[in-house]
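> Predicted model, plus sequence, below.
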Amino acid sequence: ASAAEIVPVPPSDMAAANDVEMPDDAPADSTPETDADAPARSITGTDEPMHTLTDDGSTVHTYSKNGFTASFDTATGVLTITGSGILTKEFIQSIRNTSALGSVFGGSDQPNVKKIVIDGEISEIGEHAFEYFGGSTDGETTVEVKGKVTKVNNYAFAWTAHFDHVFFDSSEETEIGNHVFWQATAIRTVTFKKNVKKIGTDVFERCYVQDIYFESPSLESCGTMINNASSTPDVHLPCEHFKVGDTVVTSENNSTLFGHSTLVIPDDTWGWVTDTAPTCENAGLKHMECSGCHLKKDYAPIDPPGHA
């Protein structure tokens, strides 16, 4: 055929060329659907992900195995992992594999992954789950631990090279294990939201973490989480009343409780809160309350304004 000619490809040859088996009941003139024509779906237990075209023209790549699903949007760089039970190293390693999602991640260090969201019914992040996982080469891959995670096991994010900011924001009470960020060289900021209740020992060992934020006013227990860190991070507390167990954390004991660190506490967290608004003739009631832990004090009347 010359360059100007278009030669139709018989359906049987098309199937062979695409290594697609034609269904037995397919019409003789049918051709297998392409990725663009196919409905959104996942393949379970296979080596290749599905590629689903979204409305904005980007491609969402989905891979499912052993009850977990990973969906990666090449337009946003967001990798969302859902499922039920303990998220294992086996599954994370399978999506790093170039025969699964690895090719769209951009190579062995996954430089196209800008954000990872762990959601759904996942109850735990297993030991060593994200070990050696890469991420954005600019060192700014964000991780959000959401859903119903109750435990982040030992070494869960160890040896990760590009995770910069990690949020622990589960809807359930959460326990953080030991050595979770062992030698996670890019980690700079970690935020523990209100449901984090227990934190283990040496969580940031050999890390260069710079800022650790707590949103809850207390922890049930905490090991020396910053022990053997490669930096002296700022630990941001919501207020001066923050406790570990029954002990109020102060600049005198924070190194014993957390490890070598610098406390950052807001200067003034007290403000007036109205309990009962006054009426024209009747007084109201107000009190001072800490915005960090909601401790209350100094109840006082609010004078009635009188008739206008």
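Great, that's in hand.
> close enough to count as contact, S94 and K65?
Yes. Look at S94 against K65 with C-beta atoms under 8 Å: they come within range, at 5.9 Å. Where C-beta positions appear, they are placed from N, C-alpha and C, glycine not excepted.
> residue contacts, V244?
By C-beta atoms under 8 Å, 6 or more residues apart in numbering, the contact list for V244 reads 218-219, 221-222, 257.
> Same check on D275?
284-287, 299.
> Need the single longest strand in the protein, by residues.
strand 78-87 (DSSP state E).
> in the chain, which helix or strand is least confident?
helix 11-17 (a mean of 38; mean pLDDT, DSSP states H and E).
> burial count for the residue nearest to D119 when sequence neighbours are not counted?
Closest residue in space to D119, ignoring its immediate chain neighbours: G147 at 4.3 Å, by C-beta to C-beta, 6 or more residues apart in numbering. For G147, the count of nearby residues is 22 (other C-beta atoms under 10 Å).
> now do E140
As a burial measure, E140 scores 15 neighbours (other C-beta under 10 Å).
> again with R206
For R206, the count of nearby residues is 17 (other C-beta under 10 Å).
> Leaving out chain neighbours, which residue sits closest to it?
Here the nearest residue to R206 in space, its sequence neighbours aside, is Q183; by C-beta to C-beta, 6+ apart that works out to 4.5 Å.
> Can you read off the backbone torsions of that neighbour?
The phi/psi pair for Q183 (degrees, to the nearest 10) reads phi 50, psi 30.
> And it, how far from T279?
In this view, Q183 and T279 are 63 Å apart by C-beta to C-beta, to the nearest Å.
> the more surrounded of the two?
Between Q183 and T279, Q183 has the larger neighbour count (other C-beta under 10 Å), namely 17 against 10.
> can I assume the more buried one is in contact with C207?
Yes. Shown here, Q183 and C207 form a contact pair, counting by C-beta under 8 Å, at 7.0 Å.
> quick one, what contacts F168?
By C-beta under 8 Å, 6+ apart, the residues touching F168 are 145, 149, 152, 174, 176, 190-193, 195-196.
> when you check these against the strands, which ones overlap?
Reading strands off these with DSSP E, I get 145, 152, 174, 176, 190-192, 196.
> Let me have those in TSV, extended by neighbour count, distance to T76 and pLDDT.
Formatted as TSV, these follow (neighbours: other C-beta atoms under 10 Å; distance: C-beta to C-beta, whole Å; pLDDT from 0 to 100):
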residue	neighbour count	distance to T76	pLDDT
V145	24	19	97
V152	28	25	98
T174	24	26	97
I176	26	28	98
V190	27	23	97
T191	17	21	97
F192	22	26	97
V196	23	27	97
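> what does the longest strand of the chain rub up against?
So strand 78-87 is contacted by 67-72, 91, 101, 105, 113-126, 129, 147 (C-beta under 8 Å, 6+ apart).
> Spell out the residue ranges of the helices in this protein.
Assigned by DSSP state H, the chain shows helices spanning 11-17, 89-96, 103-105, 254-257.
> And the longest one, what does it pack against?
Using 3 or more C-beta pairs under 8 Å, 6 or more residues apart in numbering; DSSP states H and E as the contact criterion, the neighbours of helix 89-96 among helices and strands are strand 59-65, strand 68-73.
> Now tabulate those in a markdown table and tack on distance to A158 and mean pLDDT.
Below are these laid out as a markdown table (distance: least, C-beta to C-beta, whole Å; pLDDT from 0 to 100):
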| stretch | distance to A158 | mean pLDDT |
| --- | --- | --- |
| strand 59-65 | 22 | 84 |
| strand 68-73 | 20 | 90 |
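> So which of those strands has the densest surroundings on average?
Most buried of the helices and strands packed on helix 89-96, by mean neighbour count (mean count of other C-beta atoms under 10 Å): strand 68-73, with a mean of 22.
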